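Undergrad: Following is a predicted model, sequence given first.
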Amino acid sequence: MVGVKNNRRAQMTKRIIQESLIELLHSNDNSLNEITVTAVCKAADVNRGTFYAHYKDVQDCMHAMEKSVTDELAGAITFNKRKNSWEIVLTGILEVVKENHAVAAYILSNDHDFLTHFLSSIKSKVLEQDKKANPTIGIYESQYMYEFYLNGIVGVIRYWLKTGMRESPEELGKIINDC
């Protein structure tokens, strides 16, 4: 319905603006600071007023995409006591990455502040779950294991994105979990 915040048309417009920003980021290896609102509007075929109805600036648009991916990733990270819990969590994360592959590729390649913030925000949740599953492991050992596994997983996801995501999220989740 027109005039209602977040109606389908507004959501579609936001999506087109966001996709245009991602295309600009990938074309000619532009940095986020080099991209102007005018360039995004031209690529999205919207006027500046439409852009500013949804975002303050280009960085705000990117932040909105990052927040959306963060919320989806956080939703995918739910632990349980089932045998394949990590594989299920990994598959959920990989599904979010695949669904948002353009944004994920940018974040994993360029936006280290976002990645660091997100990984820090889930660290306590993962360590708490790990402590419940392995009560004999010390806190320092657990933290080192977290860093080791997490950096390995991020590296695998980067490679998966770079090579065209040939494996399904389920297949890659199993591969990572089996390692």
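TA: Everything's here; your move. The structure presented is a predicted model; accordingly, all values stated were derived computationally and were not measured. Numbering: from 1, shown residues only.

Undergrad: From now on I want contacts and neighbour counts done on CA atoms only, so please keep to that.
TA: OK.

Undergrad: Can you spell out the domain ranges of the chain, please?
TA: 8-55, 62-178 (automatic domain parsing).

Undergrad: Just checking the distance from the last one to the centre of its chain.
TA: Meaning domain 62-178. Distance of domain 62-178 from its chain centroid, counting by C-alpha atoms, centre = their mean, to the nearest Å, is 9 Å.

Undergrad: how near is the residue lying closest to residue 154 once chain neighbours are set aside to residue 51?
TA: What sits nearest to residue 154 in space, not counting adjacent residues and going by C-alpha to C-alpha, 6 or more residues apart in numbering, is residue 108, at 7.7 Å. Going from residue 108 to residue 51 by C-alpha to C-alpha, to the nearest Å gives 26 Å.

Undergrad: So which residues of the chain form helices?
TA: When assigned using DSSP state H, the helices of the chain occupy the ranges 8-26, 37-44, 48-54, 58-76, 85-99, 101-110, 112-133, 139-162, 169-178.

Undergrad: Which stretch among those is buried most, on average?
TA: Ranked by average neighbour count under the criterion mean count of other C-alpha atoms under 10 Å, the helices of the chain are headed by helix 85-99 at a mean of 20.

Undergrad: CA atoms only for it, dumped as PDB, please.
TA: Extracted C-alpha coordinates of helix 85-99, given in PDB (Å, rounded to 0.1, in the frame of the first residue of the first chain):
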ATOM      1  CA  SER A  85      24.800 -29.000  15.900                       C
ATOM      2  CA  TRP A  86      27.900 -27.300  14.400                       C
ATOM      3  CA  GLU A  87      27.100 -28.600  10.900                       C
ATOM      4  CA  ILE A  88      23.500 -27.300  11.200                       C
ATOM      5  CA  VAL A  89      24.900 -23.900  12.400                       C
ATOM      6  CA  LEU A  90      27.500 -23.800   9.600                       C
ATOM      7  CA  THR A  91      24.800 -24.700   7.000                       C
ATOM      8  CA  GLY A  92      22.600 -21.900   8.200                       C
ATOM      9  CA  ILE A  93      25.400 -19.400   8.000                       C
ATOM     10  CA  LEU A  94      26.400 -20.600   4.500                       C
ATOM     11  CA  GLU A  95      22.800 -20.300   3.400                       C
ATOM     12  CA  VAL A  96      22.700 -16.700   4.500                       C
ATOM     13  CA  VAL A  97      26.100 -16.000   2.800                       C
ATOM     14  CA  LYS A  98      24.800 -17.600  -0.400                       C
ATOM     15  CA  GLU A  99      21.600 -15.600  -0.300                       C
END
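
Undergrad: Can you give the contact residues for stretch 138-157?
TA: With contacts defined as C-alpha atoms under 8 Å, 6 or more residues apart in numbering, stretch 138-157 is touched by 94, 108, 123, 126, 127, 130, 131, 176.

Undergrad: Since that was my last question, I'll sign off now.
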